[in-house]
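Q: Give me a model of this one.
(2 chains)
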Number of protein chains: 2
Amino acid sequence: MSKSSVSSSVIKRLPRYYRFLGDLCRKGYTRISSRELSEKMGFTASQIRQDLNCFGGFGQQGYGYNVKELHKAIGDILGVNAENKLIMIGAGNLGSAIASHIDFRKKGFKLIGIFDSDPEKCGQEIAGVKVTDVAEIRRFCVANKPICAVLCIPKNSAQYVANSLVDLGVKAFWNFSHYDLKMEHESIIVENVHLGDSLMTLAYGLNNQ
Amino acid sequence: MSKSSVSSSVIKRLPRYYRFLGDLCRKGYTRISSRELSEKMGFTASQIRQDLNCFGGFGQQGYGYNVKELHKAIGDILGVNAENKLIMIGAGNLGSAIASHIDFRKKGFKLIGIFDSDPEKCGQEIAGVKVTDVAEIRRFCVANKPICAVLCIPKNSAQYVANSLVDLGVKAFWNFSHYDLKMEHESIIVENVHLGDSLMTLAYGLNNQ
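A: Next comes the predicted model:
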């Protein structure tokens, strides 16, 4: 199956496989059947076989999967060693928490710059990266060519900033602002994180038990 | 259709409808057709009609939807005014960012306590709530009966804390730790937030353009 035909729901499950297989490696598992893996992950065994078949043959009849090999293969498909250059816009509460909390290098990215418009934040260091005045962003991007940006700014500023970044060659956005990027830039890659939506889903669960 | 038969993918889309309809209200829209709504939201018009039909009849042939009424109705289905009592465990970077960043009251919750084991954090105030020693949690829960907990602690502590909280009557978890709660407590309601998975999906996009 060609990569472009892999459905987005399969792609969204890949990081979960990668996490679980990493755990299994650390616990000393060397091989695992799709049935065992399905019990641990809460997917059906047939879904696991189908998902993994999208990327070519893993596993052998009667043996199962080699945990370390499968973990590495999925990591390669995801591109976890790619060190894509990433900048963060917005060093407020959420931005600094994400910069400190996420191990970008293990997820395929390298945080090379953090930008904010607040003079009090500029010059501070977060996760080993100095916060720079957002006015410097054009010069920085021309010199350093980041390919991805994390947006931790309010919706109104996000629109303007995202447009400039697209012009400056940014191809992908990890979007915590609530501005719908995809509407204006069809070709860019966007992962929207709507934390509030997740919380409301929980409210629904409590409200409809 | 009975509420229990509504699929989880429909439920996960509800907060998005709620957000978009709220925006439309603020922009002064009074009514909207499913076609217009579909253009704005990036869903097909037929999916919108199907989704909303799960909760009874909204909208009228030839008129479309009354924006304000539909916004209110979806809010009621989600339970955004429920003020479910919520506590947060872990006042580190991520916990404090979430406590400050999320408007819990607008999402159906009321933040009534924040707990941490770090003596330096205890006594500090985050989002108007004082951080309390986690050793006090049993007493607090017996007295205040929170129904939901946000877990912003590492995987290893999450397991122990979650078990205690379930015993103390907590029914729902907003889970930022990477411990798979659902495995041990089938009846509880869990929303897992794996920020790293979202970032890896973005890496996949860049790696497989």
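
Q: Which parts of chain A are helices?
A: Listed in chain order, the helices of chain A (DSSP state H) span A:8-26, A:34-41, A:45-53, A:67-78, A:93-101, A:137-144, A:155-167, A:195-207.

Q: domain ranges for chain A?
A: For chain A, the structural domains run A:3-77, A:84-197, going by automatic domain parsing.

Q: any idea which of those domains is most buried?
A: When the domains of chain A are scored by mean count of other C-beta atoms under 10 Å in any protein chain shown, the highest mean neighbour count falls to domain A:84-197 (a mean of 18). Placement of C-beta: from N, CA and C, glycine included.

Q: Tell me if that one is near chain B.
A: Yes: residues of domain A:84-197 contacting chain B under C-beta under 8 Å from any C-beta of the partner chain: A:84, A:93-94, A:96-98, A:100-104, A:106-109, A:147-148, A:171-172, A:174, A:178, A:180, A:182-183, A:189, A:191, A:193-197.

Q: Report the distance from that domain to the chain centre.
A: 13 Å (C-alpha atoms, centre = their mean, to the nearest Å).

Q: Show the end-to-end separation of it, please.
A: This stretch, domain A:84-197, spans 28 Å end to end (C-alpha to C-alpha, to the nearest Å).

Q: Can you list the neighbours in contact with the top strand by length along chain A?
A: Across chain A, the longest stretch assigned as strand under DSSP state E is strand A:109-116. For strand A:109-116, the external contacting residues (C-beta atoms under 8 Å, 6 or more residues apart in numbering or on different chains) are A:82-92, A:95, A:99, A:104, A:122, A:126-127, A:129-134, A:136-137, A:140, A:144, A:146, A:148, B:199, B:203.

Q: Please find the angle between the direction vectors of that strand and helix A:93-101.
A: With axes from the mean of the first three to the mean of the last three C-alpha atoms, to 10 degrees applied, the angle from strand A:109-116 to helix A:93-101 works out at 150 degrees.

Q: tell me the mean pLDDT over strand A:109-116?
A: For strand A:109-116, mean pLDDT rounds to 98.

Q: ok, is stretch A:13-30 in contact with chain B or not?
A: Yes: Stretch A:13-30 lies within reach of chain B by C-beta under 8 Å from any C-beta, at A:L14, A:P15, A:R16, A:Y18, A:R19.

Q: circling back: mean pLDDT added to the helices of chain A, as CSV?
A: Listed next are these as CSV, based on pLDDT from 0 to 100:
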stretch, mean pLDDT
helix A:8-26, 93
helix A:34-41, 90
helix A:45-53, 90
helix A:67-78, 95
helix A:93-101, 93
helix A:137-144, 97
helix A:155-167, 90
helix A:195-207, 95
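
Q: out of these, nearest to B:D167?
A: For these, proximity to B:D167 was assessed by C-beta to C-beta; helix A:195-207 is nearest, at 18.4 Å.

Q: The most far-flung residue of chain A relative to its centre and chain B: what is the separation?
A: Here chain A reaches farthest from its C-alpha mean at A:G62, the gap being 34.1 Å by C-alpha atoms, centre = their mean. Separation of A:G62 from chain B (C-beta to the nearest C-beta, to the nearest Å): 27 Å.

Q: One more: A:N66?
A: Counting by C-beta to the nearest C-beta, the gap between A:N66 and chain B amounts to 21 Å.

Q: Not counting sequence-adjacent ones, nearest residue to that residue?
A: A:R31 (5.6 Å; C-beta to C-beta, 6 or more residues apart in numbering or on different chains).

Q: Equivalent analysis for A:N163, please.
A: A:E184 (7.3 Å).

Q: same check, this time on A:I137
A: Leaving aside its sequence neighbours, A:I137 is closest to A:F115 (5.5 Å, by C-beta to C-beta, 6+ apart).

Q: Check the gap between that neighbour and A:V193 for me.
A: As for A:F115, its distance to A:V193 is 19 Å (criterion: C-beta to C-beta, to the nearest Å).

Q: these two touch, right, A:Y29 and A:V67?
A: Yes: taking contacts as C-beta atoms under 8 Å, A:Y29 lies within contact range of A:V67: 4.8 Å.

Q: Nearest to chain B among the residues of stretch A:13-30 next to chain B?
A: Proximity of those to chain B, judged by C-beta to the nearest C-beta, is greatest for A:P15, which lies at 3.7 Å.

Q: Identify the residues contacting the closest one.
A: When contacts are counted by C-beta under 8 Å, 6+ apart, A:P15 touches A:L78, B:H194, B:G196, B:D197, B:S198, B:M200, B:T201.

Q: Now A:T44: phi and psi?
A: A:T44 has phi and psi values of phi -80, psi 160 when expressed as degrees, to the nearest 10.

Q: Over to A:F43?
A: Recorded main-chain torsions at A:F43 are phi -100, psi 160, according to degrees, to the nearest 10.

Q: Hmm, A:R13 and it touching each other?
A: Yes: the pair A:F43 and A:R13 qualifies as a contact (C-beta under 8 Å) at a distance of 7.4 Å.

Q: list the residues that contact both of these two?
A: Residues within reach of A:F43 and of A:R13 at once, by C-beta under 8 Å, 6+ apart, are A:D51.

Q: was I right about A:K40 contacting A:F20?
A: Yes: here A:K40 lies in contact with A:F20, judged by C-beta under 8 Å, at a distance of 6.2 Å.

Q: Given the longest strand of chain A, what are its sheet partners and their directions?
A: Using DSSP bridges, the strands paired with strand A:109-116 in its sheet are strand A:84-89 (parallel), strand A:129-133 (parallel).

Q: TSV please, covering the ones you listed and showing mean pLDDT.
A: Listed next are the strands paired with strand A:109-116 as TSV, based on pLDDT from 0 to 100:
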stretch	mean pLDDT
strand A:84-89	98
strand A:129-133	97
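
Q: so what's the residue nearest to A:N163 scoring on pLDDT?
A: For A:E184, the model assigns a pLDDT of 71.

Q: distance between the ends of stretch A:97-108?
A: Comparing the first residue of stretch A:97-108 with its last one, the separation is 19 Å (C-alpha to C-alpha).

Q: Equivalent analysis for stretch A:54-67, please.
A: The separation between the terminal residues of stretch A:54-67, taken as C-alpha to C-alpha, is 18 Å.

Q: Kind regards, and thank you for your time.
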